[in-house]
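Colleague: what follows is a predicted structure for the sequence shown.
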Amino acid sequence: MSDLELYLDLLSQPCRAVYIFAKLNEIPFSFHKVNLFKADKPTNLHLTGVFARINSLLNVPVLKDGNFKVTESNSMLLYMVRKYKTPDHWYPSDIQKCSRVDEYLAWQQTNTRYYGCKVFWVKVRIFQFTVLSTPEKVHHVLAEFDIILTQIEKLFLKDHLFLAGDEISLADLIAVHRYNYCYGFNVFEDRPKLGAWKERVEEAVGSDLFREAHESILNIKEQHLISLSSELKKLFKRRLLKLLK
């Protein structure tokens with residue numbers, strides 16, 4: 001059994017990035033499945049005292065290496081890069097190439113991640129929580145995200161094969177999962193440049209592993225409201241109302 005343990009819910013974009021990176025680089029790890037959308041199940045690790053001792057915030061992903069813990073996905077990826085000496089293209093030793101990766105990882109926190117979350121909640125969960133929203137509000141959310149897609153093309157992809165250059169990096173791994181979970185919104189429609197980039201990332205990762213990591217999110221239609229605890233319903237409804245202000 002590996003000393004490295006990963007606590008993940010593959011409905012979460014950061015969790016999928018961590019999972020794919022570890023699998024693709026043949027890093028041995030123990031996979032502990034956490035299901036955030038079924039917190040009413042008494043067997044769910046997310047509710048147990050064991051997980052609370054691992055991460056008192058009850059967030060995923062979590063990396064545990066012996067007695068050492070890391071709880072932020074970007075830090076987890078960098079930890080694995082350094083410990084397992086993964087191929088240089090993931091996080092280049094060249095300072096300028098590395099800075100390009102860092103630049104995207106910093107930018108996406110308040111851009112791709114934030115607006116991608118709004119798309120997810122509006123397109124997938126809005127009616128499950130009986131939150132009324134006008135078509136104009138939905139259109140506004142999608143228009144905001146369309147601006148982000150344009151910025152991705154102009155600021156990062158440019159004429160490169162990948163976001164930080166001509167080799168796949170952590171930037172691409174983080175980005176591609178964020179776009180893929182915008183369920184109900186075809187991110188790549190009328191954007192052949194982004195579509196070609198996504199295909200290159202999937203090819204570099206491997207279609208089987210890519211599909212495996214996205215299986216949960218592709219089946220999100222089956223995540224019915226009845227599977228959520230009343231506490232989670234209230235939490236998600238508050239989050240959605242905040243996003244729609």
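Modeller: Structure's in. What do you need?
Colleague: CA atoms for contacts and neighbours, from now on please.
Modeller: OK.
Colleague: got the phi and psi for L11?
Modeller: phi -70, psi -20 (degrees, to the nearest 10).
Colleague: cool, and G206?
Modeller: The phi/psi pair for G206 (degrees, to the nearest 10) reads phi 110, psi 130.
Colleague: kindly report the same for K33.
Modeller: According to degrees, to the nearest 10, K33 has phi -80, psi 130.
Colleague: roughly how far does it sit from E5?
Modeller: 11 Å (CA to CA, to the nearest Å).
Colleague: what's the span of stretch 57-73 from first residue to last?
Modeller: Length of stretch 57-73, first residue to last, CA to CA: 14 Å.
Colleague: hmm, I typed the wrong one, I wanted stretch 9-28.
Modeller: Termini of stretch 9-28 sit 18 Å apart (CA to CA).
Colleague: so which bits of it are buried?
Modeller: For stretch 9-28, burial by neighbour count (16 or more other CA atoms under 10 Å) applies to 9-22.
Colleague: now tabulate these in CSV and tack on distance to D208, secondary structure and pLDDT.
Modeller: Shown next, in CSV, are the buried residues of stretch 9-28 (distance: CA to CA, whole Å; DSSP: H, G, I helix; E, B strand; the rest coil; pLDDT from 0 to 100):
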residue, distance to D208, secondary structure, pLDDT
D9, 19, coil, 91
L10, 15, coil, 91
L11, 17, coil, 84
S12, 19, coil, 86
Q13, 17, helix, 87
P14, 19, helix, 92
C15, 17, helix, 95
R16, 14, helix, 94
A17, 15, helix, 96
V18, 16, helix, 98
Y19, 13, helix, 98
I20, 11, helix, 98
F21, 14, helix, 98
A22, 15, helix, 98
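Colleague: which one of these is nearest V50?
Modeller: Checking those against V50 with CA to CA, the nearest one is D9 at 16.2 Å.
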